Every structure is written in C-alpha cells, then in structure tokens.
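*Asks:* Kindly return the folded structure for what I paste below:
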Amino acid sequence: MFVTLLTRVVRRYSAVAALAVFLPFPLTAQSPPATNSQVIQANSNRTPGGKLDHGVLTLHLELRQADWYPEADTGPSMKVYAFGESGEPPQVPGPMIRVPQGTEIHVTLRSLLPTAAVVHGMHQHPGEADDVVQVPAGEVRELRFSAGAPGTYQYWASTTEDLKGRRPYGEDSQLAGAFIVDPPGTVQPDRVFVIGLWRSQPNVVLSQDVPVINGKSWPYTERLTYAAGEPVRWRWINASDSVHPMHLHGSYYRVDSEGDGERDQIFEPAQQRMVVTHGLRPGTTMAILWTPQAGRWVFHCHLVAHFLPEMTARNALVAQSERIHEHGSNHMAGLVLGITVTGKRPAVAFHGRTRKLRLLVRERPARKGLPAGFGYQVEESHKLVSQDVTAPGPPLVLERGRRVEITVVNQLHEPTAVHWHGIELESYYDGVVGWGTDGHKITPGIEPDGSFRVRFTPPRAGTFIYHAHLNDEVQLGRGLYGALIVVEPGAQFDALTDYIFIVSRGGGDEIAAPRLLNGRADDPPTFHWHRGQRYRLRLIDITANNPALFALKGSGGLARWRAVAKDGADLPANQAVMQDSQQLLWSGETYDFEYEPQDPGSLQLEVGSSVTAARPWKIVQRIEVR
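*Replies:* Here you go, the predicted model:
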C-alpha cells in the first residue's frame with residue numbers, strides 16, 4: 001500500500017468533526033513546524049516560491065517522499081510524494097510559481113524519490129502537454145525558459161504510467177503546483193486554490209478518496225473572511241484525476257477564464273458567464289470573480305463523493321470493515337471551503353402578501369421498478385397541492401419578488417435539511433447544517449417530527465433546485481429533490497409548453513441504482529407538441545455523482561435549440577443563440593433552452609452517459625409533433 005499509519009493516538013473522526021463544525025469562531029488550518037523536513041506543509045498559495053531578482057526567477061525544487069496530514073496536524077497521516085524547495089519542508093500543493101510576464105525562469109529539479117519521475121508543465125506557456133522532463137531517481141535536471149503569456153497554469157509529476165484521467169491517483173497524486181503568469185503592471189489581488197485527490201485505486205466506485213483544497217480536507221481547509229460587496233477574485237486549478245462541479249452557495253460567480261493547464265483562454269466580457277456551478281475537468285483551470293453577500297457560505301464540489309463525510313484519511317488507512325460511517329454532526333468532508341462575509345444583507349424589493357407553504361418530507365412506498373424511499377409533498381392553505389409523495393418532489397413554482405415562507409416538516413425517522421440550490425437568500429435558510437447563521441443562531445438539522453421555517457424573496461426568475469443537504473448520498477438517492485421554478489410577476493407556469501427534465505439516481509448504490517428521468521428508469525410517457533409552438537426545456541442534473549448528456553434529435557439528427565439560461569441566470573443576448581441541441585450537465589447544474597418545432601413528426605430527447613462512460617446508459621423521451 002502507498003500509505004502508512006503513524007503510531008499516534010487518532011481521535012474518533014465524528015467527535016473531531018462535530019467540534020470543528022460547531023465552534024463559534026473560524027478555524028485556520030495550521031502546518032506542522034518547519035523543523036521536520038519529513039513532514040509536509042499545507043501550502044496556502046499566498047507566497048510564491050523561489051527568488052525573483054531583476055526579471056529572473058531562480059527556483060530549486062526537490063521531489064521527496066514525506067508524511068502528509070490532510071486533516072488535523074495531529075491526525076492520521078499518509079506517505080506521499082511531494083515537491084519542496086531545497087532546504088525547506090515539502091509542500092502540498094507544491095511551491096507556487098508566480099511571476100510577471102517576461103520573466104526568465106531558471107529551475108533545477110532534483111529527485112530524491114526511489115523511482116524516476118516525469119515532470120509536466122515546466123516550460124513556457126502556452127505549451128504542449130508532451131513537453132515533459134524525465135528526472136531519474138537521484139539525479140538533477142536544469143531548465144531555463146521564459147514565463148510566456150499571462151494566465152493560470154500548473155505543473156505536475158508522475159512516477160508511473162498507470163494514470164487515470166491522465167493524472168496519477170495514488171502516492172504521487174499530490175505532485176502538483178500552481179503556475180501563474182501575471183500581466184505587466186498592477187495586478188488585482190486574488191487567491192489561488194489547487195484541488196488534489198488522493199485515491200486508493202483507479203476504480204472510482206470502489207476507491208477510498210481523500211479530496212483536498214490547498215493540501216487540506218474540510219473541516220480543516222482554510223476559513224475565508226470577506227466584507228459584503230467586496231470583489232473576490234479566485235484562481236482554481238484542478239490537479240486531480242476527476243471532474244469537480246464547483247458550486248457556490250448564496251451568490252453567483254463569473255467565469256473570467258478557462259484553461260487546460262497548458263493554455264488559458266481569458267474571456268472577453270461578452271464571453272463571460274454567471275453560474276452557481278461550473279465543472280472543472282481533470283487538469284483544467286478557471287479564474288472567477290464574485291461579489292459576496294453577508295452571511296456564512298460554502299464553496300464545494302457538488303459530487304457527493306467529494307464531500308462525503310466518510311471520505312477521510314482515517315478511513316483511507318484501514319480495512320473497509322473498520323471504516324467509520326457514523327459521522328455525527330459533521331455532514332461534509334473533502335472539497336469544501338467555508339466563507340464568512342461580514343456586513344449586512346441589503347433588503348430585497350418585494351410585492352404582495354407573503355405566500356405560505358408547507359413542504360412535507362415523508363416516506364415513499366415502492367412503485368414499479370423502484371424500491372421504497374423518500375419524497376416530498378406540498379401543502380398550501382391547509383390543502384395538499386400534490387396528492388402523492390413523489391420523487392422528484394412536486395415543482396415549487398414561486399414568483400420573483402414575492403416573499404415566500406416554507407415550513408419544512410420532517411416526517412422521516414432521520415434528520416434532514418433542505419438546500420435551495422441557486423437561490424440568493426440569507427445563509428441561515430440556505431440549508432447547510434451547523435454553518436449558516438442568523439446572528440447567534442446556527443442552521444439546525446431538522447429532526448424527526450421537527451420543522452424549520454424558511455423565508456426568502458426570490459430576486460430573479462429561472463430554474464433552480466431544492467434538495468436534501470444532509471446524509472446527501474442516501475437522501476438524494478432515495479428521492480429528496482425537486483425543481484424550483486421562479487416566474488416573473490404576474491406570469492403563470494404553463495405545463496403544456498414548459499417542460500422540466502430532472503436526471504437523478506434511483507438509490508445510493510453507484511453500481512446498481514438506475515438513472516432516472518423525471519423519476520422513471522425507462523419508458524416515460526410520450527409528449528405531444530405542436531408545430532409553430534415555442535417550448536421551454538428546463539434541464540436539471542441532481543444525481544449524486546453522475547453527468548448527463550442531453551440531446552434532442554429528429555429524423556435528420558440533432559435539432560437546433562436556443563440557449564436561454566444557465567443555473568437560473570438569463571444568458572446575455574450574444575450567448576442566447578441557436579445551437580445544436582446537445583448539452584452535458586454535471587451534478588448541480590441547470591440549463592434552459594427554447595425549441596420551436598417547424599414540422600410534424602417524431603422527436604427524441606435522449607438523456608444518457610457521455611461517450612467515455614465506463615457503464616453507458618440512456619433514457620429516451622419520445623415526443624410527437626402534430
């Protein structure tokens with residue numbers, strides 16, 4: 001095995017996690033003392049490595065094996081390979097290279113590993129992926145090159161050809177670092193975050209993972225504090241072998257650039273897009289800008305496997321039979337950042353009387369092809385709006401600018417919580433148990449036979465999601481999710497022209513549980529449309545971990561539809577254009593499209609896996625046009 005458990009007392013994970021979540025003050029990840037060069041330090045990417053002098057950066061890097069503490073500095077550790085500067089402790093991620101455009105870079109690479117390493121990305125950018133450096137065990141390589149064009153890049157290394165997603169997954173999975181080239185002149189302050197993922201084996205379903213941000217796993221990741229309204233600039237680098245749909249609670253963020261580690265595309269204003277969830281594929285980067293609202297928020301990967309509380313270093317180091325699955329009050333680990341935004345939230349303009357609803361969380365009986373599970377019902381004015389407990393839950397149709405009060409009533413035998421995904425609201429009502437606040441109050445879990453009253457005023461019309469945010473893998477898999485649709489004031493949701501398509505899983509088993517489209521594994525009822533009528537298709541992926549590829553096809557192949565919105569935010573006019581009707585969604589994403597059939601005939605909305613999926617699947621929604 002790649003990992004070694006040190007001889008030290010390890011606290012029970014659930015107790016540590018519960019303490020960390022509910023402490024009333026922010027925790028900051030601390031690094032071990034620099035006196036022990038065999039202990040890896042977590043690198044916050046605040047200080048560049050090397051020495052910059054008269055336009056020349058000199059950097060002496062070593063590749064070493066050392067002890068890594070991805071959680072508490074007194075917690076469990078594992079042996080991994082890491083980069084470090086000569087004479088300094090190794091770091092995860094590796095020392096940040098950050099220089100102005102035009103800088104000449106002089107790097108020496110010394111391998112202290114027992115095997116040869118291949119170093120990628122250590123060259124001028126933009127560059128080529130096959131421009132690599134071989135560093136045999138015990139030897140040194142010297143490099144000189146110009147920094148290249150401004151952008152967000154990365155360097156990384158591997159000691160094996162057994163790569164997954166073109167990245168190492170085990171002992172050398174943390175051999176990566178940020179490579180930032182700034183434009184000349186004054187540079188706006190920003191933060192750099194590198195995503196790492198230690199994986200016990202290449203099979204993603206069977207693997208025990210330890211996901212980290214800048215070398216640490218939640219609740220030990222760095223806690224961030226900003227002032228409300230302060231522009232926040234982040235650069236994100238996915239140095240792992242997996243995709244990460246990065247989801248921000250409470251605000252939208254703007255994607256200003258995207259790259260593949262070798263090249264970076266900096267978008268013109270017309271190309272920028274506002275999102276609450278954006279997928280980072282293996283090896284890719286993004287630069288983002290957002291303006292935070294007052295409250296306490298999280299920014300996390302929306303794949304449940306990457307914030308599952310069981311994905312801990314302790315569990316990675318023991319046999320499967322010894323893993324801890326009782327996670328107490330902590331319901332997240334891994335790729336999560338906690339953010340505190342000081343100040344006051346501005347009042348949201350509203351109209352009309354407050355609308356009052358009850359969202360009932362109930363057991364759902366088994367039905368054809370699917371086992372029993374959970375589901376939602378909606379009650380308004382003491383009448384059940386939905387007569388059955390369903391999964392997906394009934395669409396919640398709200399009005400922009402009209403206050404709503406939703407009392408969530410938990411009639412299950414376990415606690416739950418509801419997250420209003422994509423809605424800009426006060427953090428206390430956001431659904432993150434033990435984190436959201438309202439003054440001195442902390443967002444609670446909703447205990448069995450308990451309730452929680454949520455209040456917000458939707459500030460924009462669009463397609464959103466409501467879903468469980470506690471014991472996520474189980475509760476999402478068993479049916480606790482639904483579409484949240486916000487319409488303009490005075491408008492009505494017309495189910496004859498406005499169609500919701502939700503992709504989910506029919507259970508928590510990543511191997512056996514079927515994919516579902518609107519709660520069905522196969523044979524959805526045929527829709528009947530009319531030529532010349534404009535239809536809106538609202539696409540939602542709320543699977544725990546799976547992407548979904550949507551494609552609308554006619555007799556001549558792919559149809560053409562018009563993009564309307566992403567994550568509930570209307571697209572600017574130059575992006576709201578006709579395009580081939582094919583769209584990949586990652587977990588937590590929503591897209592809206594408009595389509596107007598011109599001729600009678602048959603259409604198929606195909607929903608399935610991407611072409612590279614190991615276990616292909618497909619559901620076909622038939623549409624007859626008259």
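
*Asks:* quick one: the longest strand seen in the chain to chain centroid distance?
*Replies:* For the chain, the strand with the greatest residue count under DSSP state E is strand 56-68. Distance, stretch centre to chain centre, for strand 56-68: 29 Å (Cα atoms, centre = their mean, to the nearest Å).

*Asks:* List the buried residues for stretch 290-304?
*Replies:* Buried residues in stretch 290-304, counted by 16 or more other Cβ atoms under 10 Å: 290, 292-304. In short, each C-beta sits where N, CA and C put it, glycine included.

*Asks:* Hmm, residue 404 and residue 453 touching each other?
*Replies:* No - using Cβ atoms under 8 Å, residue 453 is not in contact with residue 404; the gap is 10.9 Å.

*Asks:* So if I had to pick from these two, which one is more boxed in?
*Replies:* residue 404 (19 against 12; other Cβ atoms under 10 Å).

*Asks:* Just the closest of the buried residues of stretch 290-304 to residue 535, please.
*Replies:* residue 302 (27.6 Å; Cβ to Cβ).

*Asks:* my guess is that closest one contacts residue 245, does it?
*Replies:* Yes - when contacts are counted by Cβ under 8 Å, residue 302 is listed as touching residue 245 (4.4 Å).

*Asks:* which neighbours do these two share?
*Replies:* 277, 586-588 (Cβ atoms under 8 Å, 6 or more residues apart in numbering).

*Asks:* Now for those residues: which two are most distant?
*Replies:* Greatest spatial distance among these (Cβ to Cβ): 277 and 587, at 8.0 Å.

*Asks:* Neighbour count for the two, which is higher?
*Replies:* Remark: of residue 277 and residue 587, residue 587 carries more neighbours, 27 against 23, as counted by other Cβ under 10 Å.

*Asks:* Check which helix or strand the more buried one maps to.
*Replies:* Using DSSP states H and E, residue 587 sits in no helix or strand.

*Asks:* now it: how far from residue 209?
*Replies:* Counting by Cβ to Cβ, to the nearest Å, the separation of residue 587 from residue 209 is 16 Å.

*Asks:* between residue 277 and residue 587, what contacts are shared?
*Replies:* Listed as contacting both residue 277 and residue 587 by Cβ under 8 Å, 6+ apart are 245, 302.

*Asks:* Any idea how many residues pack against residue 381?
*Replies:* Residue 381: 9 neighbours (other Cβ under 10 Å).

*Asks:* thinking again about what came up before, format the shared contacts of residue 302 and residue 245 as JSON lines; extra columns: pLDDT and distance to residue 515.
*Replies:* Below are those laid out as JSON lines (pLDDT from 0 to 100; distance: Cβ to Cβ, whole Å):
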{"residue": "277", "pLDDT": "98", "distance to residue 515": "19"}
{"residue": "586", "pLDDT": "96", "distance to residue 515": "14"}
{"residue": "587", "pLDDT": "96", "distance to residue 515": "12"}
{"residue": "588", "pLDDT": "97", "distance to residue 515": "16"}
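
*Asks:* Tell me which residue is most central in the protein.
*Replies:* Most central in the chain under Cα atoms, centre = their mean is residue 301, positioned 2.2 Å from the mean C-alpha point.

*Asks:* Quick check: closest non-adjacent residue to residue 191.
*Replies:* Residue nearest to residue 191 in three dimensions, not counting chain neighbours: residue 234, with 5.3 Å by Cβ to Cβ, 6 or more residues apart in numbering.

*Asks:* How is that neighbour assigned, secondary-structure-wise?
*Replies:* strand (DSSP: H, G, I helix; E, B strand; the rest coil).

*Asks:* ok, it - contacts?
*Replies:* Here residue 234 is in contact with 190-193, 287-290 (Cβ under 8 Å, 6+ apart).

*Asks:* 7 Å - rerun?
*Replies:* Contacts for residue 234 were tallied using Cβ atoms under 7 Å, 6 or more residues apart in numbering; they are 190-191, 193, 288.

*Asks:* do residue 249 as well
*Replies:* By Cβ under 7 Å, 6+ apart, the residues touching residue 249 are 297-298, 430, 432.

*Asks:* List just the nearest of those residues to residue 49.
*Replies:* Taking Cβ to Cβ as the measure, residue 49 sits nearest to residue 298 out of these, at 29.3 Å.

*Asks:* so what's that closest one bridging to?
*Replies:* residue 338 (DSSP bridges).

*Asks:* who's in contact with it?
*Replies:* By Cβ under 7 Å, 6+ apart, the neighbours of residue 298 are 249, 336-339, 432, 435.

*Asks:* those helices in the protein, which residues are they?
*Replies:* Along the chain, counting by DSSP state H, helices occupy 13-22, 313-316, 472-477.

*Asks:* Of these, which shows the lowest average pLDDT?
*Replies:* Among those, helix 13-22 has the lowest mean pLDDT, at a mean of 32.

*Asks:* any idea how far residue 133 lies from residue 56?
*Replies:* Applying Cβ to Cβ to residue 133 and residue 56 gives a distance of 19 Å.

*Asks:* which intervals of this structure have sub-threshold pLDDT?
*Replies:* Within the chain, the segments meeting pLDDT under 70 span 1-37, 162-165, 325-330, 611-614.

*Asks:* Could you check how many residues crowd around residue 361?
*Replies:* Neighbour count of residue 361, defined by other Cβ under 10 Å: 26.

*Asks:* One more: residue 51?
*Replies:* The number of residues packed near residue 51 is 12, by other Cβ under 10 Å.

*Asks:* For it, which residues are in contact?
*Replies:* Residues in contact with residue 51, defined by Cβ under 7 Å, 6+ apart, are residue 58.

*Asks:* What of the one 5 residues further on?
*Replies:* Listed by Cβ under 7 Å, 6+ apart, the contact set of residue 56 reads 104, 106.

*Asks:* rewinding a little: export the contacts of residue 249 to JSON lines and tack on distance to residue 491?
*Replies:* Below are the contacts of residue 249 laid out as JSON lines (distance: Cβ to Cβ, whole Å):
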{"residue": "297", "distance to residue 491": "30"}
{"residue": "298", "distance to residue 491": "32"}
{"residue": "430", "distance to residue 491": "26"}
{"residue": "432", "distance to residue 491": "31"}
